[in-house]
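# Fold the stuff below for me.
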Amino acid sequence: MKKLVVIMIHVCLLVSLGQAAEVWDSFNYVPGNIGGQSGGGGWAGSQWYVPTDTGYHEGTAEIVASSLVFSNYATSGGALKMVQTDTSGTAVQIGVRRQMGTSFTTGSDLWISFLAKADPALTNDFASRIAELRHGGTLGNCNFRMSPKMFDVQGVRCGYNSSSTVNDNTYNVQDGGTYLYIARFDNLGSSTGDGAAMWVFDEVGYNSAMTDGVFRLSELDSYYYLKSTDVQANLSMTTAYYAMFNLYDNVNPDFGYYFDELRYGYSLDSILTIPEPATIMLVAFGSSILLRKRK
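Got it, this is the predicted structure:
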């Protein structure tokens with residue numbers, strides 16, 4: 001009977017963890033250069049690093065002590081601040097990347113979320129600038145792409161690859177405020193599906209969606225601030241991919257952005273929840289009990 005109880009508790013905890021993010025990072029690191037630091041969960045045991053390839057390290061990628069603040073959204077640790085500082089007037093960028101440690105199941109939906117904030121605020125169009133999260137096996141790949149700042153006024157973009165052009169610039173989200181970005185990439189590894197969509201929330205819309213404490217799928221289209229879409233593409237998210245935050249500018253220097261609370265999962269609920277360390281330890285403890293019982 002005792003063994004059965006332990007097994008039941010263990011299963012329940014695993015189910016709970018299954019509803020949380022598969023990959024996440026709250027940037028709970030020592031302030032300073034993010035290069036060489038690692039944490040979060042679901043990664044390939046790898047550290048964040050700043051590529052030294054020509055054109056990819058013209059700036060800084062550092063951890064700041066305080067998380068971004070967005071209504072009552074759960075945050076912890078610090079945040080990533082990137083600044084493109086080149087003053088040559090040529091096309092340059094600053095990137096920071098880390099290898100994925102999870103291959104998402106073919107046929108499933110991939111959900112990604114993060115917080116982002118322009119710093120300083122962009123009061124002009126600055127069509128030369130882009131800030132984005134992208135994925136690929138090499139630096140130049142731009143798959144599963146989410147852009148808080150697109151080559152188009154203050155517009156945003158979501159797409160499977162570098163050819164995506166559907167943007168939304170109805171409002172300026174580079175105004176120095178913090179915004180929540182939620183994306184869904186449908187039916188991984190298939191050429192048929194509903195495509196990609198990214199919903200951008202300001203605090204007013206988020207608070208409206210969370211009035212009863214639950215953020216439902218139906219509320220994505222009811223309260224978003226901006227929305228960008230792309231047609232379906234046959235792509236898969238595997239451990240051969242890297243997540244890369246990137247800033248690019250071919251005209252102006254001193255372009256900065258904050259990023260925080262990066263999460264990947266199979267559902268909307270999963271990216272709004274990350275496993276607590278105490279819960280993970282409890283599952284590990286349950287596993288050790290079962291192993292000892294079997295010996």
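
# what about stretch 224-236, average pLDDT?
Stretch 224-236 comes out with an average pLDDT of 95.

# And the residue nearest the centre of the chain, how far from R98?
Centroid-nearest residue in the chain, with Cα atoms, centre = their mean: L262, separated by 3.5 Å. Remark: distance between L262 and R98 (Cβ to Cβ, to the nearest Å) = 9 Å. Yep, even glycine has a C-beta here, placed from its N, CA and C like the rest.

# overlap in contacts of these two?
Here L262 and R98 have 25, 243 as joint contacts, going by Cβ atoms under 8 Å, 6 or more residues apart in numbering.

# hmm, back to that, ramachandran angles for the residue nearest to the centre of the chain?
phi -80, psi 130 (degrees, to the nearest 10).

# got the contact list for it?
24-25, 27, 40, 112-114, 133, 243.

# Give me the pLDDT for it.
L262 carries a pLDDT value of 98.

# From L80, how far out is it?
For L262, the distance to L80 (Cβ to Cβ) stands at 9 Å.

# shared neighbours of those two, which are they?
Residues touching both L262 and L80 (Cβ under 8 Å, 6+ apart): F27.

# all helices for this protein, in order.
Along the chain, counting by DSSP state H, helices occupy 2-18, 203-209, 220-223, 268-271, 277-294.

# now the second one: mean pLDDT?
Helix 203-209 carries an average pLDDT of 97.

# low-scoring stretches of the stretch 101-250 of the chain, by residue?
152-153 (pLDDT under 70).

# Tell me what the residue nearest to the centre of the chain is bridged to.
D25 (DSSP bridges).

# For burial, what's the neighbour tally of the residue lying closest to M100 once chain neighbours are set aside?
Excluding its sequence neighbours, the residue lying closest to M100 (Cβ to Cβ, 6 or more residues apart in numbering) is Y241, at 4.9 Å. Neighbour count of Y241, defined by other Cβ atoms under 10 Å: 24.

# what does V200 give?
23.

# which residues touch the residue nearest to M100?
So Y241 contacts 99-100, 135-137, 141, 143-144 (Cβ under 8 Å, 6+ apart).

# Among those, name the buried ones.
Buried members of the contacts of Y241, counted by 16 or more other Cβ atoms under 10 Å: 99-100, 135-136, 141, 143-144.

# Now tabulate those in CSV and tack on distance to Q154.
Formatted as CSV, the buried ones among the contacts of Y241 follow (distance: Cβ to Cβ, whole Å):
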residue, distance to Q154
Q99, 32
M100, 30
H135, 24
G136, 26
N141, 26
N143, 24
F144, 22
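
# now, which of the residues you listed sits nearest D269?
F144 (19.8 Å; Cβ to Cβ).

# ok, now how distant is the closest one from M237?
F144 is 6 Å from M237, by Cβ to Cβ.

# Next, show the common contact partners of these two.
Shared between the contact lists of F144 and M237 (criterion: Cβ under 8 Å, 6+ apart) are residues 110, 135, 185.

# Out of those, list just those in strands.
110, 135, 185 (DSSP state E).
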